[in-house]
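1. Structure here, sequence nowhere to be found:
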């Protein structure tokens, strides 16, 4: 079976996941607690603004080399804290159009991988539940498991990772449902 035969389940799955993610983030609101507010936010923003940081990811304290990570000076800065990892966005409006478009493309890519693997493993006459199990598992892996290293390595709260994993399960089930329903017979 070719991937061109699976364009409809890929597209339908991406649309379902896109709108489910909207409902999860904007209607249910259980992700609102994923990020805490910095105390005295205005003073912190003024201090960071004065550094004129370009958009990007930052880590502090950050050693200048692997060898510098074991120096007493760096160790003292690390112990004194704060230890921070942060992402700096460009100033101005938080425009969502480009991010939403990228999210939809990502949903299509996850669907494409689910389609590819399902088309290699399953026959065209596969029953709904067989297609559902396979496609939902692949989609769950694509949406969810990459979140875990953020808690392992970067101290993202496990509660956030678990919530993202639950979201991934919903997205995987929706993808599996679309593929089971629209699988070419």
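-> Good, I have the coordinates. It should be emphasised that the depicted structure is a prediction, and the values quoted were computed from it without experimental measurement.

2. Wait, a strand at residue 57?
-> Yes. Counting by DSSP: H, G, I helix; E, B strand; the rest coil, residue 57 falls inside a strand.

3. tally of neighbours for it?
-> Residues lying near residue 57 (other C-beta atoms under 10 Å) number 8. C-beta: built from backbone N, CA, C; applies to glycine.

4. all numbers from here: first residue = 24
-> Sure, I'll start counting at 24 from here, so that last one is residue 80.

5. who's it bridged to?
-> Beta-bridge partners of residue 80, counted by DSSP bridges, are residue 110.

6. For residue 165, see how far away residue 45 is.
-> As defined by C-beta to C-beta, to the nearest Å, residue 45 lies at a distance of 19 Å from residue 165.

7. ok, these two, which is more surrounded?
-> Taking neighbours as other C-beta under 10 Å, residue 45 and residue 165 compare with residue 165 leading, 21 against 12.

8. And what about residue 61, helix, strand or coil?
-> Following three-state DSSP, we place residue 61 in the coil state.

9. Tell me who's in contact with it.
-> For residue 61, the contact set (C-beta atoms under 8 Å, 6 or more residues apart in numbering) comprises residue 67.

10. mind giving me the domain split of this protein?
-> 26-58+118-205, 64-111 (automatic domain parsing).

11. Make JSON lines out of the ones you listed and add mean pLDDT.
-> Listed next are these as JSON lines, based on pLDDT from 0 to 100:
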{"stretch": "domain 26-58+118-205", "mean pLDDT": "95"}
{"stretch": "domain 64-111", "mean pLDDT": "93"}
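
12. and among those domains, the most buried is which?
-> Mean neighbour count (mean count of other C-beta atoms under 10 Å) peaks for domain 26-58+118-205 among these, with a mean of 17.

13. Endpoints of that one, how far apart?
-> 13 Å (C-alpha to C-alpha, to the nearest Å).

14. can you check stretch 40-56 too?
-> Start-to-end, stretch 40-56 (C-alpha to C-alpha) is 22 Å.

15. Next, find the distance separating residue 169 from residue 187.
-> When distance is defined by C-beta to C-beta, residue 169 is 9 Å away from residue 187.

16. what's the answer for residue 49, then?
-> Residue 49 is 16 Å from residue 187, by C-beta to C-beta.

17. ok now do the residue nearest to residue 144 when sequence neighbours are not counted, which residues does it touch?
-> Nearest residue to residue 144 in three dimensions, chain neighbours excluded: residue 157, at 6.1 Å (C-beta to C-beta, 6 or more residues apart in numbering). Listed by C-beta under 8 Å, 6+ apart, the contact partners of residue 157 are 137, 140-141, 144-145, 199, 202.

18. so which helix or strand takes in residue 157?
-> helix 151-167 (DSSP states H and E).

19. right, and the helix or strand after that helix?
-> Immediately after helix 151-167, counting by DSSP H and E, sits helix 171-177.
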